[in-house]
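Undergrad: From the sequence below, what's the structure:
(one chain, ligands or ions: 1)
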Amino acid sequence: MRQTGVAPLTVVHGKCVDLSFEGKGVVKNGSDVIFVDGMFPGEEGDIEITYRRAGQLFGKVSHLDKKSPNRIDPRCKICSACGGCTFQQYAYEAQLKWKTDKVKEQFRKIAHMDVEVQPCVGMDNPYYYRNKIQMPFAKDRKGNVYCGFYKQNTHVIVPVDKCHIEDERAEKILNVCKKLMKSMHIDPYNEDERYGVLRHVLIRTSYYKDQIMVVLVTAVDSFRSRGNFVDALVKECPEITTVVQNINSRATNVILGEKEHVLYGKGYIEDSLCGLSFRISAKSFYQTNPVMTEKLYRFAMEAGKLTKEDVAFDAYSGIGTIGLIACKDVKNVISVELVGAAVKDGIRNAERNHIEDFKMYCDDASSFMVNMASRKEHVDVLFMDPPRKGSDERFLNAVLKLKPSRIVYVSCEPSTLARDVAYINGMYQVEVIQPFDMFPHTTHVETVVSLSLKKADKH
Ligand code: SAH
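TA: All right, here's what the predicted structure looks like:
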């Protein structure tokens, strides 16, 4: 989003009274509210107003007179600049409490529902948890290549040498990429000038198997030294089991393009979840925190109260994980996913786990649901796990026609979750709301809500 109307630099003194849904400190200054990065409730100090957007003021702390007891020394010294882990300076228990409250608040504000929310389940060791790492690259004045994260709302890359939330195996691979790009004259792509070759390097690590995928996202299809680059990369990092080139020539902030070449290995990695084995391709969605994903999936299975007579439906299914895990406890599973590569993975995943009572379709979940409802098909339990924007009215109207007796809604965005639950709340009763901390030190929270069909609405 663009930042407009940058106010002349003003410093005000204020007290932080709350944390916003975005995790910014809320400071009242007369009739103004200032949203302050890295300021926590109870803290007082000087705040530099940095910009105004849509009538709201944003700022950063320039001096603190009073610190919160929940303020801690972050492991990462650039966590404020990078913008990824805005909560690394906030005690982990306080992060979890904020996430629980955020879910409750979103239900109150958006769904007008006063709900009970279980305390957010946290990680025992909330570091080095991410199995997917994606970094843009750039070159400094001396010609050295670096990589990092985009500073919020800009194309400016904050160099990152060590990230404390990503799988540690990525660090060496990224360093080798930087070195080889420089020595082989492979230019990082510059978004503003639209010049250069390599846009991003994406690394996917398997938690249970010694497998690592490197995806080279390039602006052009072929480039000089491609073969030598891959040979040298794999020689220096033999832990890499596959290298894929993904071509994205569009001016977009979507990282991956459509076209792909497998440059080394099988083109996918394998990992395990809840005792099943999964293959994961570059373009397929796969949860990024393997430890918490298992906890979340186990909870989702229990919340579904599955029986051997049940027909289960898994919507927005990615590579089929939830549906395949549910399969052993139900009669059969139908699943639907939009991305072709993920569906291909899902079908292979059923085969590799010898699961037969499973059908997966490549379609828009809403169109598929509408068709199921018009054919009056029978579904007992619906798992739904849409992207951040949530589901839509077509999908939810079809749910109200199909009337599955149980719904397990997995969501990575509490605001759209609350909106969607409110939409079906007339017919469905909320049983449990359980947040999971899939993304420690960030302001994101994953939530599972189980719902049951109200008695009067049963067939
Ligand atoms: N349940 C899976 C994936 C959840 S992420 C898991 O736990 O791993 C959401 C998924 O919804 C992604 O795979 C995305 O490709 C898919 N998706 C997004 N929009 C969709 C739509 N309109 N119809 C079907 N699937 C969609």
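Undergrad: So which bits of this structure are right by the ligand?
TA: 285-287, 316-318, 321-322, 336-339, 342, 364-365, 385-387 (CB under 6 Å from any ligand atom). C-beta: built from backbone N, CA, C; applies to glycine.
Undergrad: Give me the subset of the residues you listed that lies in helices.
TA: Secondary structure from DSSP state H places Thr321, Ile322, Ala342, Ala365 of these in helices.
Undergrad: Most neighbours of all those residues, which one?
TA: In terms of neighbour count, Ile322 stands highest of those at 28 neighbours, by other CB atoms under 10 Å.
Undergrad: Hmm, that residue is touching Ala315, no?
TA: No: look at Ile322 against Ala315 with CB atoms under 8 Å: they stay out of range, at 9.5 Å.
Undergrad: who touches both of the two?
TA: Contact criterion CB atoms under 8 Å, 6 or more residues apart in numbering; residues shared by Ile322 and Ala315: Ser335, Phe383, Asp385.
Undergrad: which among the ones in helices among the residues of the chain next to the ligand gets closest to the ligand?
TA: Checking these against the ligand by CB to the nearest ligand atom gives Ala365 as the nearest, at 3.5 Å.
Undergrad: residue contacts, the closest residue to the ligand within the chain?
TA: Closest approach of the chain to the ligand (CB to the nearest ligand atom) occurs at Gly318, with a separation of 2.9 Å. Counting by CB under 8 Å, 6+ apart, Gly318 touches Ser284, Phe285, Tyr286, Glu337, Val339, Ala342, Gly346, Asp385.
Undergrad: Looking at those residues, spot the one nearest Cys79.
TA: Tyr286 (25.2 Å; CB to CB).
Undergrad: For the closest one, what are phi and psi?
TA: Torsion angles at Tyr286 (phi, psi; degrees, to the nearest 10) stand at phi -150, psi 140.
Undergrad: Report the beta-bridge partners for the residue lying closest to it once chain neighbours are set aside.
TA: Leaving aside its sequence neighbours, Tyr286 sits nearest to Ile280 (CB to CB, 6 or more residues apart in numbering; 4.7 Å). Judged by DSSP bridges, the bridge partners of Ile280 are Ile269.
Undergrad: Could you chop the chain up by domain?
TA: Taking automatic domain parsing as the reference, the chain has its domains at 4-71, 100-123+289-457, 132-273.
Undergrad: Same list (the ones you listed) but as a markdown table, adding mean pLDDT.
TA: As requested, those are exported to a markdown table (pLDDT from 0 to 100):
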| stretch | mean pLDDT |
| --- | --- |
| domain 4-71 | 90 |
| domain 100-123+289-457 | 97 |
| domain 132-273 | 94 |
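Undergrad: how about stretch 411-427: buried residues?
TA: 411-421, 423-424 (16 or more other CB atoms under 10 Å).
Undergrad: can you give me the end-to-end distance of stretch 60-78?
TA: 15 Å (CA to CA, to the nearest Å).
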